[in-house]
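Chemist: Turn this into a structure:
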Amino acid sequence: MIRYAVTMGIRMVCIVLMLFVQGWWLLICALGAILLPYFAVVAANVHGGQPTPEVLRPGAVATLPRLAAGRPDENRPTSDGEPL
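Modeler: Presented below is the predicted three-dimensional model:
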């Protein structure tokens, strides 16, 4: 992100300098204003050898009991732990 911001800042300087310079300097500033966005995006998308963090997954997902036509599920245990 920092590299992209610096590159785009340099591009803004090139655009402003195009108003004040002449000759070859104008061509250099124009090329900088045109080509720097491409290099900024490419540099921002390059992944340096940073290790990927380990993905932490939550425990088991709790599901709600299914109710068919307003009747409790036959396999769901009752309050005393016995199935219906």
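Chemist: mean confidence score for stretch 7-18?
Modeler: Looking at stretch 7-18 alone, the average pLDDT works out to 90.
Chemist: typo on my end, it should be stretch 24-41
Modeler: Averaging pLDDT along stretch 24-41 gives 90.
Chemist: Could you check the pLDDT of Gln50?
Modeler: Looking at Gln50, its pLDDT stands at 66.
Chemist: Show me what the helix ranked longest in the chain is packed against.
Modeler: Ranked by residue count, the top helix of the chain under DSSP state H comes out as helix 24-45. For helix 24-45, the contact count by 3 or more Cβ pairs under 8 Å, 6 or more residues apart in numbering; DSSP states H and E identifies helix 2-17 as packing neighbours. C-betas here are computed from N, CA, C, even on glycine.
Chemist: Now do the closest residue to Met18 other than its chain neighbours against Val46, distance only.
Modeler: Of all residues not flanking Met18 in the chain, Cys29 sits nearest, at 4.6 Å (Cβ to Cβ, 6 or more residues apart in numbering). When distance is defined by Cβ to Cβ, to the nearest Å, Cys29 is 26 Å away from Val46.
Chemist: So if I had to pick from these two, which one is more boxed in?
Modeler: The neighbour comparison of Cys29 against Val46 (other Cβ atoms under 10 Å) goes to Cys29, with 20 against 7.
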